[in-house]
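Enquirer: Quick one: sequence plus predicted model below, questions after.
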Amino acid sequence: MGDYDYDLLVLGAGPGGYVAAIRATQLGLKAGVIEKDKPGGVCLNIGCIPSKALIHQAELMRCAKELEQIGVKVDASALDYGKVFAYSRKAADTLSRGVGFLLKKNKIDLIEGKGVITSAHEIQVKGHGKVTGKNLLIATGSRPRSIPGFEFDEKTVLSSTGALMLEKLPKRICVLGGGAIGVEFAHIMNAFGVEVHLVEMLEQLLPLEDEEAVQILVRLFKKRSIKIYTSTKATGYTKSGKAVKVSLEGREGKQDLEVDQILLVVGRVPNTDGIGLEKIGIKPEKGFIPVGDYYQSSAAGIYAIGDVVNSPALAHVASKEGEIAAEHLAGHQTPARLDPHAIPGAVYCEPQLASFGYTAKAAKEADLEFEKAVFPYRGVGKSVAVGKSDGILKLLVEKETREILGAHVVGAEATELIHEILLAKSAELLPEDIAMMIHAHPTLSEGVMEMARMAEGWAIHV
Amino acid sequence: MAEQVLMLALSPTMEEGTIITWHKKEGEAVAQSDIICEVETDKATMEYESVNEGTLLKILVPAGGQARVGDPIAVVGKPGEDIGSLVEAAAKKAEAGAAAGGPQEAAAPAAEPAQPAKAEAGAEKPAAAPVSAEPAAAQPAQAAPAATAQAAPPPAGGLKASPLARKMASEQGIDLRSVRGSGPGGRIVKRDMDKALRRAASYGPAAAVGVAGPTIAGTPVAPAYISGGGVLATAGPTASGKDEQIPVSGKRKIIAQRLSESKYSAPHYYLRIDVDAGAMMAARARLGARLPKGAGGKVSPNAFLIKFVAETLKKYPAVNASWQGDTILRFGKIDIALAVAQEDGLITPVVRDCGSKGIVQIDRELKALIDKALSNKLAPEEYSGATFTISSLGTSGILEFTAIINPPGSAILAVGRIHKAPVAEDDGSIGVRSQMMLTLSCDHRVIDGAVGAAFLSDLKTMIEYPIEHLY
């Protein structure tokens, strides 16, 4: 280690940073992590985890409607959203403490305070002075992106953070941004009885997802009275009393929408300013830190991973990148980077949507010769039994080699079902391998098997 | 644990290799990618890079020895390990292979139950043992020989490959044993197949559409450009009065197979034209005088010919093309091969992208390639995938001949000796010129007679009056 405090000094204890530190320690390095907030990053504290807690509560609310079908009346008027909020915070705090525990267990120092890089081996931490590392890993993550005219005040215009911190729900909300975060919040709010208007600038909600899968989600959203505006831009808003008027401009012209609050979820900005990148000669491109193989930055011995590099801003991507960087640093054999076609995406709403790899559109644009198989949920006994028969399992397969190019599942438990297909993709199994494997009956996973059989031309239940 | 080092298929068509030299000695450490030995394949001498790691414990096939693809050639492991059983198994395998007369892969799993019997009988009668036994053990005989080896299934045991990789291998006719796995635990995965396919593709477009394997010269050949090359002279006295059986080498087998394939499947026709080589030879002399001494020696007439052919091909893309079954592939580049005779066969080193190179550059590249060809050092990508081939027997004094097309190309130019000959001049008088007979063999599926004729006649003017092509 020489004269440095650590072999690896990580800036940021999010799902990228803390995982990298643990992986480095497993491989025999000494690691320290600097965090200005709570360990766990956005994901754990103001992202994935609390939002999933809310989604769970939202699903319970929706189950109440199912209970009514069998004569049980649930009194939803007694709903105390403050308690829902408290439940989500508890989940976040528990897990954040869990990360602290994991760090301690691995003998990783958590250095609390804001860190600014001062040289290639040194980070100045507020309240701690300088900390040195033989190698640095930048994992400072990202923050919600605002757009001109819609600056966050967390009262009228909420960011995802603000929305997660609400202790009281508005009656009406306009969600600007139809990506995964926007769609999830639309689902949550709608489940708790909020009037939801969901606005997307592009032609399709979840623009990067497969069209056929999204169509099913849109249909079910509309059934739940979520108002969807695609190819629509918000040009500004005005306040009148307690209400907010949002000006929308769509294909059919302009309209004003009266709501109580605006939730702006149009992406995230990498946190690459004010952390001292200029001291080590790193010039961000569009805010992102340019990286080469193994997530090495242009500065020798300095790695960057997660939302600060130009890859999908997903917790599981950051974690994997962190592992790769740590493994490379420890001289361990590891892939140079993630395979972009093997990254699962998951949208946790109802129906759930999960996918990886090529969409049909992307495969066409790439001039790939492919076949698709689309198996409906209702062909799976379990889905009918549990009243979740809306949805499809879609598989794209290269025509000659039968390589799995992508999969798109929309419906109940899609975010869990996707992994069997992704394992097949990663291990380079072919549809016939899934098709031939016995799946327990009755499970939703049978749908995965039937989808694969369909690709091979012999689905049974359709 | 100690592992056997297997003979790999170092070229897609290789079935057997001869170890030329061992670079590592028994007891020496071996790392991945270390060159452990040199192997003479069917076409060239290749370096064998280790896929194993450890200490070279035992060399099973000494320098000069032969091993079939898949046969163990050495054992690598930790010093002091007991490798007795591995060495024994290897010996049995080699024995079984020699007896069955076919590649080994099928023998491994199938012959397993029959082993006790083999051990007994094998001691006295090795020839009979492995093929007798049980029905299962008879398989090696079926899953056998030469020509089908490319598409042979991977050995059931030992070889790890993902289902996708296996599928790609069977579709593209790549032998999985020739592919090095980079996946978990050395599993062969898609990226390894992609690499292997790229390698195969560099052998020629034909490989890319499924006929994996290098393409081979389809032409009689002389020491093309090397003058006074006695490479073909036989060493000993002949005609001893007794018939002699010469074993067919791997290279000879391939030459036989490829040339037969070409001659039987491509409908050949031949066009002949007499060309005045005077201008070309004069230009060559002028160029020779201008080049600084020691700049690589005299420029070969073949370099001139290659350039003239390349320039003419630019005008006739239909001739720079390949029959692909459902389609005709017009090549984007002009890669011209020159047939070169070797002691034990022939080979066609390829000068790439001749359309964009000058005569001097072509000449230098050609010289380097021929040097390599004569020392058996050409890499597969240096002798395959020619879009057009030239064969010259002029230095042997041959006036004219016809050649067999060298796939994936669709035409081959046979060049006769440049010689002084009487020529009837336009005014009726008789003159003496440096004449050269060119014979073009064309694949009629790709090149119709009129096209071939126009090409050849343009080539003639190109050689005689190159200036006309600038008009």
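Expert: Great, that's in hand.
Enquirer: for the strand or helix carrying A:K130, the distance to its chain's centre please.
Expert: Using DSSP states H and E, the element containing A:K130 is strand A:129-138. Computed by CA atoms, centre = their mean, to the nearest Å, the chain-centroid distance of strand A:129-138 equals 29 Å.
Enquirer: what lines up beside that strand in the sheet?
Expert: strand A:6-11 (parallel), strand A:122-125 (antiparallel), strand A:302-304 (parallel) (DSSP bridges).
Enquirer: Identify the residues contacting the first one?
Expert: Strand A:6-11 is touched from outside by A:1, A:17-18, A:20-21, A:24, A:29-34, A:109, A:115, A:117, A:123, A:131-140, A:275, A:326, A:329, with contacts defined as CB atoms under 8 Å, 6 or more residues apart in numbering or on different chains. The way it works is simple: take the backbone N, C-alpha and C, and place the C-beta from them, glycine included.
Enquirer: sorry, back to before: kindly reformat the strands paired with strand A:129-138 as CSV containing mean pLDDT.
Expert: Below are those laid out as CSV (pLDDT from 0 to 100):
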stretch, mean pLDDT
strand A:6-11, 97
strand A:122-125, 97
strand A:302-304, 97
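Enquirer: Any chance of the ones you listed in CSV with distance to B:H268 as columns?
Expert: What follows is those, written out as CSV (distance: least, CB to CB, whole Å):
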stretch, distance to B:H268
strand A:6-11, 68
strand A:122-125, 75
strand A:302-304, 62
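Enquirer: need those strands in TSV with mean neighbour count, can you?
Expert: Below are these laid out as TSV (neighbours: other CB atoms under 10 Å in any protein chain shown):
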stretch	mean neighbour count
strand A:6-11	28
strand A:122-125	21
strand A:302-304	27
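Enquirer: that older thread, just the buried subset of the contacts of strand A:6-11, please.
Expert: Buried subset of the contacts of strand A:6-11 (neighbour count, 16 or more other CB atoms under 10 Å in any protein chain shown): A:17-18, A:20-21, A:24, A:29-34, A:109, A:115, A:117, A:123, A:131-140, A:275, A:326, A:329.
Enquirer: ok so, going back, figure out which of the strands paired with strand A:129-138 is closest to B:V30.
Expert: strand A:6-11 (30.9 Å; CB to CB).
Enquirer: Report the mean per-residue pLDDT for the helix or strand just after that closest one.
Expert: Sequence order places helix A:17-26 as the next helix or strand after strand A:6-11, per DSSP H and E. In this model, helix A:17-26 has an average pLDDT of 97.
Enquirer: One more: stretch B:170-183?
Expert: Mean pLDDT, stretch B:170-183: 83.
Enquirer: What of stretch A:216-230?
Expert: For stretch A:216-230, the mean per-residue pLDDT is 96.
Enquirer: Endpoints of it, how far apart?
Expert: Using CA to CA, to the nearest Å, the end-to-end distance of stretch A:216-230 comes to 15 Å.
Enquirer: repeat for stretch A:222-229
Expert: So stretch A:222-229: terminal residues 11 Å apart, CA to CA.
Enquirer: Buried residues in it, which are they?
Expert: Under 16+ other CB under 10 Å, the buried positions of stretch A:222-229 are A:I226, A:K227, A:I228, A:Y229.
Enquirer: re earlier: which among the strands paired with strand A:129-138 is found nearest to B:L287?
Expert: Closest approach to B:L287 among those (CB to CB): strand A:302-304, 56.2 Å.
Enquirer: The following helix or strand past that closest one and chain B in contact?
Expert: Per DSSP H and E, the first helix or strand lying C-terminal to strand A:302-304 is helix A:315-329. No. If you take CB under 8 Å from any CB of the partner chain as the test, helix A:315-329 misses chain B, and the best it gets is 13.9 Å.
Enquirer: residues making contact with helix A:315-329?
Expert: A:7-8, A:14-17, A:19-21, A:23-24, A:27, A:29, A:41, A:43, A:47-48, A:135, A:137, A:139, A:141, A:294-296, A:303, A:305-307, A:309, A:311, A:333-338, A:343-344.
Enquirer: chain center to stretch B:261-269: distance?
Expert: Chain-centre distance of stretch B:261-269: 19 Å, with CA atoms, centre = their mean.
Enquirer: Sticking with the closest residue to chain A within the stretch 1-150 of chain B, tell me its helix or strand.
Expert: For the stretch 1-150 of chain B and chain A, the shortest gap (CB to the nearest CB) falls at B:Q32, measuring 10.7 Å. Per DSSP H and E: B:Q32 is located in neither a helix nor a strand.
Enquirer: Let me see the contact set for the closest residue to it other than its chain neighbours.
Expert: Nearest residue to B:Q32 in three dimensions, chain neighbours excluded: B:E53, at 5.3 Å (CB to CB, 6 or more residues apart in numbering or on different chains). B:E53 makes contact with B:V30, B:A31, B:Q32, B:V76, according to CB under 8 Å, 6+ apart.
Enquirer: So for the residue nearest the centre of chain A, what pLDDT did the model give?
Expert: Centroid-nearest residue in chain A: A:L314, 4.7 Å away (criterion: CA atoms, centre = their mean). A:L314 is assigned 96 on the pLDDT scale.
Enquirer: Tell me where the chain is predicted with low confidence.
Expert: Let's take chain A. A:1-2 (pLDDT under 70).
Enquirer: other chain: chain B
Expert: Looking along chain B with the criterion set at pLDDT under 70, you get B:12-13, B:43, B:92-158, B:200-240, B:293-297.
Enquirer: need the residues of it near chain A, please.
Expert: Within reach of chain A by CB under 8 Å from any CB, chain B has these residues: B:S162, B:P163, B:L164, B:A165, B:K167, B:M168, B:E171, B:G183, B:V189, B:K190.
Enquirer: and the third one, what element?
Expert: Pointing back at B:L164 there. helix B:163-172.
Enquirer: And the next helix or strand past that helix?
Expert: helix B:190-201.
Enquirer: tell me which strands and helices that next one is in contact with?
Expert: Here helix B:190-201 touches helix B:163-172, helix B:205-208, going by 3 or more CB pairs under 8 Å, 6 or more residues apart in numbering or on different chains; DSSP states H and E.
Enquirer: That's all I had, so thanks and see you.
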